[in-house]
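This is the structure alone, sequence omitted:
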């Protein structure tokens, strides 16, 4: 799944939101990182107040870690292409 499909954003408050069904069974609503947030993190442009909660989120959710790994690869490829183009 991608962030576009999930339609969620990083919960910057660091907490979880809960809804309940008859106040008996809590259902956790997970707010995953957006593609934009992961890209800014990979490019080292995400401000520290946002990076900390994202890092905690990444420790818990392998889906977001996988998406970050793909984003890291993309950013590295683009940087390499830009460097190569600049040297030619």
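Yep, it's here. The model shown is predicted, which means the values in this text are computed figures rather than measured ones.

Give the residue spans of this structure that score low on pLDDT.
By pLDDT under 70, the low-scoring segments of the chain are 1-29.

mind running it again at 80?
Scanning the chain for pLDDT under 80 picks out 1-30.

The protein: strands as residue ranges?
17-21, 25-29 (DSSP state E).

and residue 44, what are its phi and psi?
With angles defined as degrees, to the nearest 10, residue 44 sits at phi 60, psi 30.

Just give the number of residues close to it.
8 (other C-beta atoms under 10 Å). In short, each C-beta sits where N, CA and C put it, glycine included.

same deal with residue 76?
11.

same deal with the one 10 residues further on?
By the criterion of other C-beta under 10 Å, residue 86 has 7 neighbours.

One more: residue 80?
Neighbours around residue 80, by other C-beta under 10 Å: 10.

next one: residue 36
Residue 36: 12 neighbours (other C-beta under 10 Å).

What of the one 4 residues further on?
Residue 40 has 18 neighbouring residues, counting by other C-beta under 10 Å.

go on, residue 71?
Neighbour number of residue 71 under other C-beta under 10 Å is 19.
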